[in-house]
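> pasted the sequence and its predicted model underneath.
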Amino acid sequence: MPHFLDLATPTAPGLRAILDEAHRRKAARAGWPKGRVDADAPLAGHTLAMIFEKPSTRTRFSFDMAARQLGATTIVAGAGEMQLGRGETIADTARVLSRMVDAVMLRTNRHDKLEQLAEHATIPVINGLTDLTHPCQVMADILTFEERMGRPVTGSTWAYVGDGNNMTNSLIEASAMLKFDLRVGVPHGLDPDAGVMATACARGGCIDLVHNAAAAVDGADVVVTDTWVSMGQAEAKEKIAACQPFQVNKALMAKAAPGAIFLHCLPAHRGDEVTDDVLDGPQSAAWDEAENRLHVQKAILLWCLGAL
């Protein structure tokens with residue numbers, strides 16, 4: 001019974017199979033109403049539980065629609081609505097939900113909660129976001145790159161600029177698993193997780209950690225950024241000031257490769273990590289990227305439930 005906790009959980013062929021299935025199912029639905037169930041309804045009779053400790057737009061709507069398009073039903077709950085929010089252990093919650101639903105997606109502040117849920121569940125557990133990683137988002141990013149560029153991600157060059165956060169960590173994992181080059185440009189003191197970096201390098205990942213935005217972006221096929229102050233963090237003026245030289249604007253995008261695309265997992269703080277003319281400009285694929293959460297998560301659900 002496979003969980004989807006990070007991008008090292010599946011093998012590289014597993015990640016490739018998920019991406020290929022996402023491409024295929026998206027193409028098969030072209031022109032359909034969004035609420036129409038896929039022709040094969042592969043998860044008919046299944047139920048996905050979704051637990052949110054953090055507010056969500058894209059994760060909530062994309063997982064809900066992903067399950068529905070596959071023929072499944074969903075149950076959505078905030079942690080505060082459950083006994084989990086009143087002291088019931090994660091282990092006991094996992095045991096109970098395993099008797100009632102077919103899979104659980106968790107969006108949580110702490111990665112160790114996700115690991116505890118997976119340890120005690122007898123059904124697949126999916127990482128909808130933690131403080132450490134955001135694997136579903138990065139899979140959507142890769143799907144978007146392949147759509148826009150018309151080629152597999154392997155061998156491409158990516159640049160991430162800004163705060164070294166959960167998005168950065170998942171990009172690092174992905175680069176090692178799917179063999180693309182990654183330059184991480186972050187301010188001093190805001191490096192990505194050292195353990196994630198070490199593991200990726202041990203797997204043969206080609207990752208350069210630099211502390212200069214222009215050096216990171218130079219010649220890149222993709223430029224990725226994220227909010228400088230992650231959800232749940234107290235806004236820090238010092239952090240925002242440190243990140244200011246890493247803002248993605250037209251001048252920085254001009255240093256990327258011709259035809260490079262811009263990605264942002266959203267929500268965006270316009271005028272901070274990205275300027276309007278980039279986010280709304282021709283190089284931006286942020287809206288395709290948001291939609292692709294739905295398509296890639298359909299394939300993740302199928303992979304977790306043995307239907308892929």
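Right, received. Where do you want to start?
> helices along the stretch 201-308 of the chain, start to end?
According to DSSP state H, counting those that start in this stretch, the stretch 201-308 of the chain carries its helices in the segments 213-217, 237-243, 250-253, 276-279, 286-304.
> how about a markdown table for these, with mean pLDDT and mean neighbour count added?
Backbone N, C-alpha and C define where each C-beta goes, glycine included. Conversion of the helices of the stretch 201-308 of the chain to a markdown table gives the following (pLDDT from 0 to 100; neighbours: other C-beta atoms under 10 Å):
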| stretch | mean pLDDT | mean neighbour count |
| --- | --- | --- |
| helix 213-217 | 98 | 21 |
| helix 237-243 | 92 | 14 |
| helix 250-253 | 98 | 17 |
| helix 276-279 | 98 | 17 |
| helix 286-304 | 98 | 23 |
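> residue 127 is nearest to which of these?
Nearest to residue 127, of all those, is helix 286-304, at 9.7 Å by C-beta to C-beta.
> what helices or strands is the closest one leaning on?
helix 12-28, helix 58-69, strand 125-129, helix 135-149, strand 261-264 (3 or more C-beta pairs under 8 Å, 6 or more residues apart in numbering; DSSP states H and E).
> and the contacts of the third one?
The one in question is strand 125-129. 3-6, 50, 52, 54, 56, 59, 63, 94, 103-108, 114, 117-118, 133-137, 166, 300-301, 304 (C-beta atoms under 8 Å, 6 or more residues apart in numbering).
> go again using 6 Å as the cut-off
3-5, 59, 104-107, 114, 117-118, 135 (C-beta atoms under 6 Å, 6 or more residues apart in numbering).
> then stretch 170-186?
In contact with stretch 170-186 (C-beta under 6 Å, 6+ apart) are residues 6-8, 12, 15, 133-135, 138, 153-154, 156-161, 164, 196, 200, 203, 205-210, 213, 216.
> among those residues, which are in strands?
Mapping those onto strands (DSSP state E) picks out 157-161, 207-210.
> of these, buried ones?
Buried subset of the ones in strands among the contacts of stretch 170-186 (neighbour count, 16 or more other C-beta atoms under 10 Å): 157-161, 207, 209-210.
> out of the residues you listed, which comes closest to residue 86?
residue 160 (38.7 Å).
> what's the neighbour count on the nearest residue to residue 211 once chain neighbours are set aside?
In space, and not counting its chain neighbours, residue 211 is closest to residue 188: 5.4 Å by C-beta to C-beta, 6 or more residues apart in numbering. Residue neighbour count, defined by other C-beta atoms under 10 Å, stands at 7 for residue 188.
> so residue 188 sits against residue 212, correct?
No - checked against C-beta atoms under 6 Å, the pair residue 188 and residue 212 is beyond contact range at 10.4 Å.
> follow-up on the earlier one: kindly reformat the contacts of strand 125-129 as a markdown table containing pLDDT, distance to residue 228 and secondary structure.
Below are these laid out as a markdown table (pLDDT from 0 to 100; distance: C-beta to C-beta, whole Å; DSSP: H, G, I helix; E, B strand; the rest coil):
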| residue | pLDDT | distance to residue 228 | secondary structure |
| --- | --- | --- | --- |
| 3 | 97 | 30 | coil |
| 4 | 98 | 27 | strand |
| 5 | 98 | 26 | coil |
| 59 | 96 | 20 | helix |
| 104 | 98 | 31 | strand |
| 105 | 98 | 26 | strand |
| 106 | 97 | 25 | strand |
| 107 | 96 | 20 | strand |
| 114 | 97 | 24 | helix |
| 117 | 97 | 29 | helix |
| 118 | 98 | 30 | helix |
| 135 | 98 | 21 | helix |
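> now those in a markdown table, with distance to residue 273 and neighbour count?
Shown next, in a markdown table, are the contacts of strand 125-129 (distance: C-beta to C-beta, whole Å; neighbours: other C-beta atoms under 10 Å):
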| residue | distance to residue 273 | neighbour count |
| --- | --- | --- |
| 3 | 31 | 21 |
| 4 | 27 | 25 |
| 5 | 27 | 22 |
| 59 | 19 | 21 |
| 104 | 31 | 26 |
| 105 | 26 | 29 |
| 106 | 26 | 25 |
| 107 | 21 | 25 |
| 114 | 26 | 26 |
| 117 | 31 | 24 |
| 118 | 31 | 22 |
| 135 | 21 | 29 |
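> who's in contact with stretch 111-118?
Residues outside stretch 111-118 that contact it (C-beta under 6 Å, 6+ apart) are 3, 5, 90, 94, 106, 108, 125, 127, 130-132.
> now do residue 95: how many residues are near it, please.
13.
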